[in-house]
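In: A predicted structure for the sequence below; I have some questions about it.
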Amino acid sequence: MLADVFKESEFGRDDFTTNNTDSPVVAQFAASNPKDLADAAEIIAPYVDGVDLNCGCPQRWAWKEKIGAYMMEQPELVREMVRNVKARVDIPCSIKIRKHDDLRYVKHPVITFGLQKFVRRAESVGVDWITIHGRTRKQSNRLPVDVEAIKLVKSVATVPIIANGGVFTKEQADQLHKETGVNGIMSARGLLKNPAFFAGHDYTPLECVQVCR
């Protein structure tokens, strides 16, 4: 969700619904400044178990709006955004990042900033976990994820690391976990296709679907 829209209007909050049995649930926001993110986090905090800052969305419109993967070029700003959320709410705050063309260095107009340092800056203000997508912003999702990039982040981090990208089956999830040693696996498109695959099902059983009348 867009933090600025979410905090400003009831219409912007219509995208979010939950219930008492929906737990744990983490709300992910895209934001470009600390105040918008912290304000949105404060509003949603009573209804969720955590807040995540999206630093990975590769879409062109997000880049133009200076959100999503654009935030990977702004390590100090990300640090400040996490710090502000942690100061305002008592629930975990995480970030989702992605691989860069150069694993060690992010090219920036002013500074050269290592991916390792990016992780450590977020850790210095109390980020609770980090999810990394194993492709660059410009790489097709048809390409395999870079296991080495994920392993790099895991090796330098002191907080839990979650791997993301290219996981459509439990076997793929297990293999990525084995290769990287991460603390967890995230899937998006795979779970949209089959919400039960983490439980080992090739397709979602009918008994898993509750019909609401």
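Out: Structure's in. What do you need?

In: okay, CA-based contacts and neighbour counts for the rest of this
Out: Fine.

In: buried set for the host helix or strand of residue 12?
Out: Counting by DSSP states H and E, the element that carries residue 12 is helix 10-13. By neighbour count with 16 or more other CA atoms under 10 Å, helix 10-13 contains the buried residues residue 13.

In: what does it rub up against?
Out: 5-7 (CA atoms under 8 Å, 6 or more residues apart in numbering).

In: if we use 7 Å, what do you get?
Out: For helix 10-13, contacts defined as CA atoms under 7 Å, 6 or more residues apart in numbering pick out 5-6.

In: run the chain-centre distance for it.
Out: 22 Å (CA atoms, centre = their mean, to the nearest Å).

In: with only the CA atoms kept, save that helix in CSV.
Out: Only the C-alpha atoms of helix 10-13 are listed here, as CSV (Å, rounded to 0.1, in the frame of the first residue of the first chain):
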residue,chain,number,x,y,z
GLU,A,10,-10.5,6.6,4.2
PHE,A,11,-10.6,5.7,0.5
GLY,A,12,-6.9,5.0,0.7
ARG,A,13,-7.4,2.6,3.6
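
In: quick one: average confidence on that helix?
Out: Averaging pLDDT along helix 10-13 gives 88.

In: all strands for this structure, in order.
Out: Along the chain, the segments classed as strands by DSSP state E run 26-29, 50-54, 93-98, 106-107, 112-113, 130-133, 161-164, 184-186.

In: export the ones you listed to JSON lines and tack on distance to residue 143, mean pLDDT and mean neighbour count?
Out: Output for the strands of the chain, formatted as JSON lines (distance: least, CA to CA, whole Å; pLDDT from 0 to 100; neighbours: other CA atoms under 10 Å):
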{"stretch": "strand 26-29", "distance to residue 143": "25", "mean pLDDT": "97", "mean neighbour count": "20"}
{"stretch": "strand 50-54", "distance to residue 143": "21", "mean pLDDT": "98", "mean neighbour count": "25"}
{"stretch": "strand 93-98", "distance to residue 143": "14", "mean pLDDT": "96", "mean neighbour count": "24"}
{"stretch": "strand 106-107", "distance to residue 143": "21", "mean pLDDT": "49", "mean neighbour count": "18"}
{"stretch": "strand 112-113", "distance to residue 143": "26", "mean pLDDT": "48", "mean neighbour count": "14"}
{"stretch": "strand 130-133", "distance to residue 143": "12", "mean pLDDT": "96", "mean neighbour count": "25"}
{"stretch": "strand 161-164", "distance to residue 143": "13", "mean pLDDT": "97", "mean neighbour count": "25"}
{"stretch": "strand 184-186", "distance to residue 143": "17", "mean pLDDT": "97", "mean neighbour count": "18"}
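
In: pLDDT weak spots in the chain?
Out: With pLDDT under 70 as the threshold, the chain has low-confidence stretches at 101-114, 210-213.

In: identify the residues contacting whichever helix in the chain runs longest?
Out: For the chain, the helix that runs over the most residues, judged by DSSP state H, is helix 75-88. For helix 75-88, the external contacting residues (CA under 7 Å, 6+ apart) are 33-34, 37-38, 41-42, 71, 93, 118, 121-122, 125, 127.

In: got the angle for that helix vs strand 93-98?
Out: Counting by axes from the mean of the first three to the mean of the last three CA atoms, to 10 degrees, helix 75-88 lies at 160 degrees to strand 93-98.

In: can you pull out the helices in this structure?
Out: Using DSSP H, the helices of the chain run over residues 3-8, 10-13, 34-44, 60-64, 75-88, 115-124, 147-156, 170-180, 189-193.
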